[in-house]
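A.B. asks: here is a sequence together with a model predicted from it:
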Amino acid sequence: MIKDNSKSKPQINMTTKGMFRKQVIISMNNTNKNNFIKESSAHITNMNRALKNLKINVMINFIQQDLNSIIIVTNKVTSTLELQMIENYVKNANHINTEEVETPRLPQSKFYLKIIGILYLQKNTNTPIISSMVKDIIKRNHIFNNIMLAFRPHIINIFPRSDIAIIWVDI
């Protein structure tokens, strides 16, 4: 943990949280996510039927949503074959724009960063910072070499009239 009371450097906390390796994370836009979640019970039934027909022992327990993704929770850790099957099913589901669906993946880490003291508004504008800017800053910092982000950074304005942000980054 790095602490600095001056306003020139942000404070960074790295914290661990429990990792659940039976999750399949599929990042997608909100429209796709909402369309998929609306029919989640039918999707669970259809995916389980397809997995059973292929004599695969992995079964889908439930589907939940996160900020920028859906999370498919299974009874066992999935292999590459099961990930490909799940990806094909999701991309072929009704009302899903396949260009906005990323490749499914398993959780890769149990760490997240909480960055405090970053300016919420871009310099000399009234425009809030966006997750791609935070990603670029993280990529340019040598501390984060060989680290992949699990999700897009989540940016929170501390107070409505404040220009300081808190940023959560799952790594």
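C.D. replies: Now that the structure is in, tell me what you want to look at.

A.B. asks: list the contacts for Tyr89?
C.D. replies: 43, 46-47, 50 (Cβ atoms under 8 Å, 6 or more residues apart in numbering). Heads up, the C-betas are built off the backbone N, CA and C, glycines and all.

A.B. asks: neighbour count, secondary structure and distance to Ile70 for these - can I get that in TSV?
C.D. replies: Output for those, formatted as TSV (neighbours: other Cβ atoms under 10 Å; DSSP: H, G, I helix; E, B strand; the rest coil; distance: Cβ to Cβ, whole Å):
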residue	neighbour count	secondary structure	distance to Ile70
His43	21	helix	9
Asn46	14	helix	15
Met47	22	helix	12
Ala50	15	helix	17
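
A.B. asks: per-residue confidence averaged over the longest strand seen in the chain?
C.D. replies: Determined from DSSP state E, the single longest strand within the chain is strand 111-119. The average pLDDT within strand 111-119 is 72.

A.B. asks: the helix or strand following that strand packs against which elements?
C.D. replies: Per DSSP states H and E, the first helix or strand lying C-terminal to strand 111-119 is helix 131-140. Helix 131-140 makes packing contacts with strand 154-157, strand 164-170 when contacts are defined by 3 or more Cβ pairs under 8 Å, 6 or more residues apart in numbering; DSSP states H and E.

A.B. asks: re earlier: now render the contacts of Tyr89 as TSV, adding pLDDT and distance to Leu119.
C.D. replies: Putting the contacts of Tyr89 into TSV (pLDDT from 0 to 100; distance: Cβ to Cβ, whole Å) gives the following:
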residue	pLDDT	distance to Leu119
His43	93	41
Asn46	93	47
Met47	92	44
Ala50	89	48
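
A.B. asks: and which of those is nearest Lys123?
C.D. replies: His43 (44.2 Å; Cβ to Cβ).

A.B. asks: just checking: what are the partner strands of the longest strand of the chain?
C.D. replies: strand 11-16 (antiparallel), strand 164-170 (antiparallel) (DSSP bridges).

A.B. asks: so which helix or strand takes in the residue nearest the centre of the chain?
C.D. replies: For the chain, Phe151 is the residue whose C-alpha lies nearest the centre (Cα atoms, centre = their mean; 2.9 Å). Assigned by DSSP H and E, Phe151 belongs to neither a helix nor a strand.

A.B. asks: and it, what does it touch?
C.D. replies: Taking Cβ under 8 Å, 6+ apart as the criterion, Phe151 is in contact with 25, 27, 66-69, 169-170.

A.B. asks: Ile156 versus Lys76, what's the distance?
C.D. replies: Counting by Cβ to Cβ, to the nearest Å, the separation of Lys76 from Ile156 is 35 Å.

A.B. asks: equivalent analysis for Ser40, please.
C.D. replies: According to Cβ to Cβ, Ser40 and Ile156 sit 28 Å apart.
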